[in-house]
Every structure is written in structure tokens, then in C-alpha cells.
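>>> Have a look at this prediction, sequence included:
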Amino acid sequence: MDGGWTPTEGRHHFIGNRWIAAQSGQSIDVVDPSFGAPFAKIARGNAADIDAAVRAARNAFGEFGNGDWGRFTATERGRLLLRLSARVTAQAEELARLESRTTGKPLKQGRADAGALARYFEYYGGAADKLHGETMPYSTGMTVLTIREPHGVTGHIIPWNYPMQIFGRSVGAALAAGNACVVKPAEDACLSLLRVAELAAEVGFPDGALNIVTGYGNEAGAALAAHGGIDHISFTGSPVTGTAVAQAAAKHHCPVTLELGGKSPQIVFADANLDEVVPVVVNAIVQNAGQTCSAGSRLLAERANYEELVARVGDVMSRLKVGPALADLDVGPLIRRSQLQRVWDYLSQAQVDRIPVAAQGHVVEDAPQTGFFQAPTLLRDVPPTHKLAQEEIFGPVLAAMPFDSEDDALRIANGTLYGLVAGVWTRDGARALRVARKVRSGQVFINNYGAGGGIELPFGGVKSSGYGREKGFEALLGFTTLKTIAIRHG
Ligand code: NAD
């Protein structure tokens, strides 16, 4: 392996287990959102860099899966992922600090994300050699079997909110299934992933099995989605960009998995145990400063306990402290100034439309003036059709609204374009299951809620939240294609 890399000099792509300078010769500043100031540089990748990475990956996979990486058996791939898991665990503190510095998340969340990354590699390492096809009855004198084969070269476009977790769930599964990967992480937060790629090379992943090209979405990202040498794309981010990625991929008939966020409801019936509900509801919206695709951003409460729930959630929220990532308070800054402005625009709209603020946390006094801090905010009596109850704000803003019956709750819960996760809170088991079956979302939690959690649990959306599933064993299936072999033997 060539060259070196430090968090402040991450100016190169990682292609074929080497640090390669951007062909444009240009770089992008990486801003620390806690201070609003640049502290590192990354390479500004373009179509030529993407092309070099795709060629490296194709070589590693080989023309018939016979390249240096393609030849690895499932067991060998699994062992390598387990080695990488151990290496990530050994470097967890370094990775957590990089993640927190670039994303702004409190250090405890950065540490949790490093742990999740190790766990993804462990899970998929263990699963690699449990993936197999079937035989099925057909005609007399014939045997038919199916084989699960890797797609070949997979593309991964990763957002800035959980770089390590989203890398783990998509790249971990793709490598376990035998694909070679080309990754385009988000320009705002990708230093941790460059370090992970280096660790992967150190534990023995062969040249080209895992390649990272950094850069802007409309340059490097668009080039990856449009590249004819990519056999599958996994995208997590905004609906608008997801549509662009799917359109570009469709031109070369490349399958796509899209995870596009949500406006996930917490549905709280009057019989729910509020002692259990309140801390989970608060955490589900303030974790990662609300910049979580599965954030529980709508609080639907049965009218009988609406006032009490709003008061208790508001009480917890008003005690939350917001400050720099490494100060490790309750909430960190938002990722960038434009994201902060986006949240302000929504809150200004609330003021114009006289939607009451029920409670707000506070930014600590010694937080840098230039950081992108937003106090967590609880809005009450939000009309279910208002944009604050319909659109993904991607900030620590919770919209509370009452409902009058089970059907009313379902109508409100299902009344957005999204369908990613839902929480149902009640002591009535039959009602919990009834609602869980009727709510339109990819995941439902009953009497708990896992914003972004659950490595083993298939995850993904319906409607504008996207399609395809990541996490769990299901993701492994998605990173394979099924071949049917029909043998006539008499
Ligand atoms: P985005 O969708 O534009 O970016 C996500 C990734 O896609 C990044 O790596 C980006 O570089 C890349 N990208 C951007 N344009 C591209 C293109 N034309 N072709 C290929 N790749 C491209 O998201 P954003 O602009 O960073 O954030 C905007 C909004 O998206 C947020 O406010 C939030 O609502 C939503 N979002 C959702 C998630 C999620 O987890 N679902 C993650 C990030 C952002």
C-alpha cells in the first residue's frame, strides 16, 4: 500500500488498496460542524476517478468471478469480514472521534456507530457461508437448482448522517455476498470510511475489493450511478437524489435499492405506559440531532392522554443540552449551515401559521457561535396535513398532534408520502397487532422504537421511503442474483 493518510490530510481516493490523487487535482474542504470551520480536505472526484475505481473493482471480481477477490470462497470472505470487525473494534475510539468530528454527533453516538460497524461486519462475516440456493421439483428425469451469485461490482452512495452504519450495512453485506464495491460517501463526512478502507486492506482484502472515491454528488455520485460497469446500486439519501440515481441506473438496466427517509409516526394510545414512552419518543427525535432517516418525527397521541404526553415530552426536551460533538452532550450540531437554515425555515413557517412551540432544549452558553446548533423543539397541535407534519425536516423538531380513534390514528399515520418506520404504544395486544398490520411502513415497533437500530432486522421503506431491504439476512439476498440451472439426466 502506498502513501499515508491522516485525518487532516485525507486528500486521496482509495482505489485498488492505494491512495490515489484526484485526476482533477482539486480538493474539497471538510467542515467541522461544531465550529463551522474547515479542518481537513478530501479529493474532489470526477467521472475519470469513478472509472478507475470501477476498473479496479472489475479486475478484483474477474471476468467470471475469477479475479483475486472473486476467487475467495464464501468461508474465506466471512473470515476476512470477521477480521475486519475485530480491527474496527480495536480502532473504535479513533473511528468514533472521526465520525463525531465530521458529522457533529455527540461522542457517545460516534462510539455507538463504531460498535455498530464492527457488528455489521461480524453479522455478515458469519452469514457469508450460510447463503445458498434451493432445488425444486420439475419434470421427470431433470434436477433443477438455484445458485445465489454476486451481482459483480456494486456501487454504494452513502449519506452524511450515519456514514459508518450505512457503510456497514450495505458494503458489509455486498462483500459477504462476493461483490467488489465502489463507494461514493458524502462529501461532508467520509473520513471515517477512508480509514476503514485502509483497515480492510491491512486485514487482507485484495486490491480492488473495496474502493472509495470521494467528491460531490453531482460529479462523482452521478458518474457512479451512470457507469455501465456497475451491476447494482445501493443509495441512501433524499428522495430527489434517489430519483436521479434510479433514472441514471435505469439507462443501463442496473438494479437499485433506495432508502429515502421518512416522517415516522409514534402512535401512543391512552392506555400506554408513559414512563416507558417518554424517554424513547424524545430519543427517537433528538438522536443525531434529528438527522436520522427513521427519526420518530410525528407524535400521535390519543386525545385522552395528549396533554399529559405533550407536557412530559416537553419537560424532558426542555432539559436537553446542545453543544459541540466532542463535549458529548445530549445533542450536537446539524451537519451544515444549509441544513440549519432548512430547519429555521420550517420553524419560521410554524410561527407564521401559529403552531405553538410546547418546549425547547437549549444550546449551552460556551458553544462556539459559528457552530450549526439547533435546540430540540416540540411543536404541538400540528395539523396532520401541514408541511411540518408531512415533510422530512431532518432536524430535532417533533410535531405532536391528537387523534380520536384507532382509525383516525391510522389515517394520520398513513397520510404522508413516506412509510419507513412506525411505533405503536398500547397495553392492548390485539390492538397493537391490528395497527401494526394496517400501518404502511417497512418496520413497526410495538412498545419500543429503534431509530436506525437493529442490525439483524430487515430495514427499508414503502412509498416514497424507497424500495429494497438492507440489514439482516434479507440484505444478503439483495446483493445477489439468482441463477436457475436445469439439468436433464434421464
Ligand atoms: P442527498 O440525497 O443529496 O445526498 C446523499 C448522497 O447522494 C451523498 O453522498 C451525495 O453526495 C450523493 N448525491 C447527491 N447528488 C447526487 C447525484 N445527482 N447523483 C448521485 N449521487 C448524488 O442528500 P443531502 O443533500 O445531503 O441532504 C438533503 C436532504 O436529504 C436532507 O435534508 C434529508 O431530508 C435527506 N437525507 C436523508 C437521508 C436518509 O438517511 N434517508 C440521508 C441524508 C439526507
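Right, received. Where do you want to start? Numbering: from 1, shown residues only.
>>> what residues are up against P206?
With contacts defined as Cβ atoms under 8 Å, 6 or more residues apart in numbering, P206 is in contact with N17, A60, D68, W69, F72. C-betas here are computed from N, CA, C, even on glycine.
>>> That one in helix, strand or coil?
coil (DSSP: H, G, I helix; E, B strand; the rest coil).
>>> Which positions in the stretch 51-200 of the chain make contact with the ligand?
Residues of the stretch 51-200 of the chain lying close to the ligand (Cβ under 6 Å from any ligand atom) are I157, I158, P159, W160, N161, K184, A186, E187.
>>> Looking at these, state which has the most neighbours.
The residue in these with the most neighbours, by other Cβ atoms under 10 Å, is K184 (31 neighbours).
>>> Name the spans of the protein whose pLDDT lies under the cut-off.
1-10, 451-453 (pLDDT under 70).
>>> residue closest to the middle of it?
The chain has I166 as the residue nearest its centroid, 4.2 Å off, counting by Cα atoms, centre = their mean.
>>> who's in contact with that one?
I158, P159, T236.
>>> nearest to the ligand, of those?
Checking the contacts of I166 against the ligand with Cβ to the nearest ligand atom, the nearest one is P159 at 3.4 Å.
>>> Give me the phi and psi for the closest one.
phi -90, psi -180 (degrees, to the nearest 10).
>>> and what of A304?
phi -60, psi -30.
>>> wait, it sits on A270?
Yes: contact status for A304 versus A270: in contact at 4.0 Å, counting by Cβ atoms under 8 Å.
>>> so the residue nearest to M164 when sequence neighbours are not counted is in which element?
In space, not counting the residues next to it along the chain, M164 is nearest to L117; the distance is 4.3 Å by Cβ to Cβ, 6 or more residues apart in numbering. Take DSSP states H and E as the rule and L117 turns out to sit in helix 107-127.
>>> between A304 and A270, who's got more neighbours?
Using other Cβ under 10 Å, the more surrounded residue of A304 and A270 is A270, with 16 against 13.
>>> Spell out which parts of the stretch 251-400 of the chain neighbour the ligand.
Listed as neighbours of the ligand in the stretch 251-400 of the chain under the rule Cβ under 6 Å from any ligand atom: E259, L260, G261, C293, E392, F394.
>>> if we can go back for a sec, show me what contacts the residue nearest to M164?
V88, L95, M164, Q165, F167, G168, V196 are the contacts of L117 under Cβ under 8 Å, 6+ apart.
>>> repeat that for 7 Å
V88, M164, Q165, F167, G168 (Cβ atoms under 7 Å, 6 or more residues apart in numbering).
>>> what does D49 give?
D49 touches H13, A22, Q23, V213, A220, counting by Cβ under 7 Å, 6+ apart.
>>> Please flag which of those sit within strands.
The strands, defined by DSSP state E, take in H13 from the contacts of D49.
>>> Of the contacts of D49, select the buried ones using a PyMOL command.
With 16 or more other Cβ atoms under 10 Å as the criterion, this PyMOL line picks the buried residues out of those:
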select buried, resi 13+22+23+213+220
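>>> Among the contacts of D49, which one lies nearest to the ligand?
Nearest to the ligand among the contacts of D49, with distances taken as Cβ to the nearest ligand atom, is A220, at 7.4 Å.
>>> these two touch, right, the closest one and A43?
No: the pair A220 / A43 is not scored as a contact, 9.1 Å apart, by Cβ atoms under 7 Å.
>>> shouldn't S27 be in contact with P38?
No: in this structure, S27 is not within contact of P38 by Cβ under 7 Å, at 10.4 Å.
>>> Those two: which has the busier surroundings?
S27 (18 against 12).
>>> wait, what's in contact with the closest residue to that one other than its chain neighbours?
The shortest distance from S27 to any residue other than its chain neighbours is 4.2 Å, reached at K41 (Cβ to Cβ, 6+ apart). Residues in contact with K41 (Cβ under 7 Å, 6+ apart) are G10, R11, S27, I28, D29, V30.
>>> Figure out the helix or strand that K41 lives in.
strand 37-43.
>>> and the next helix or strand after that strand, which residues are buried?
Per DSSP H and E, the first helix or strand lying C-terminal to strand 37-43 is helix 47-61. Using 16+ other Cβ under 10 Å as the test for burial, helix 47-61 gives 47, 49-61.
>>> One more: stretch 458-468?
Residues of stretch 458-468 classed as buried: P458, F459, G460, G461, K463, S464, S465, G466, Y467, G468 (neighbour count, 16+ other Cβ under 10 Å).
>>> Enumerate every residue touching the fifth one.
Right, the one you point to is K463. L417, Y418, G419, R440.
>>> Check the third one too.
Contacts for G460 were tallied using Cβ under 7 Å, 6+ apart; they are E259, G442, G466, Y467, G468, R469, E470.
>>> Just name the closest of these to N179, please.
Closest approach between the contacts of G460 and N179, by Cβ to Cβ: E470, at 13.9 Å.
>>> Run a quick neighbour tally on the spatially closest residue to that closest one that is not a sequence neighbour.
Distance criterion Cβ to Cβ, 6+ apart; nearest residue to E470, sequence neighbours excluded, is R169 at 4.9 Å. Using other Cβ under 10 Å, R169 has 27 neighbouring residues.
>>> do the same with the one 5 residues further on
When neighbours are defined as other Cβ under 10 Å, A174 has 28 of them.
>>> May I ask you to confirm that it is in contact with F479?
Yes: at 4.6 Å, A174 counts as touching F479 under the criterion of Cβ under 7 Å.
>>> Which helix or strand lies directly C-terminal to the helix holding L117?
Assigned by DSSP H and E, the successor of helix 107-127 is strand 135-136.
>>> Which parts of this protein belong to which domain?
What automatic domain parsing lists as the domains of the chain is 8-260+467-485, 265-454.
>>> How far away from the center of its chain is the first one?
To tie it back to what came earlier, the one meant is domain 8-260+467-485. Centroid separation between domain 8-260+467-485 and its chain, computed with Cα atoms, centre = their mean, to the nearest Å, is 12 Å.
>>> do the last one as well
Distance of domain 265-454 from its chain centroid, counting by Cα atoms, centre = their mean, is 18 Å.
>>> could you dump stretch 261-272 to PDB, C-alpha only?
This file holds the C-alpha atoms of stretch 261-272, laid out as PDB (Å, rounded to 0.1, in the frame of the first residue of the first chain):
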ATOM      1  CA  GLY A 261     -36.000   8.700   4.700                       C
ATOM      2  CA  GLY A 262     -39.400   9.100   6.300                       C
ATOM      3  CA  LYS A 263     -41.800  11.000   8.500                       C
ATOM      4  CA  SER A 264     -42.200   8.200  11.000                       C
ATOM      5  CA  PRO A 265     -45.200   8.300  13.500                       C
ATOM      6  CA  GLN A 266     -45.100   7.300  17.100                       C
ATOM      7  CA  ILE A 267     -48.800   6.300  17.800                       C
ATOM      8  CA  VAL A 268     -49.500   6.500  21.500                       C
ATOM      9  CA  PHE A 269     -52.800   5.100  22.800                       C
ATOM     10  CA  ALA A 270     -54.300   6.300  26.100                       C
ATOM     11  CA  ASP A 271     -53.500   3.000  27.800                       C
ATOM     12  CA  ALA A 272     -49.800   3.200  27.100                       C
END
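>>> Run the chain-centre distance for that stretch.
The answer for stretch 261-272 is 21 Å, by Cα atoms, centre = their mean.
>>> This completes my enquiry, with thanks.
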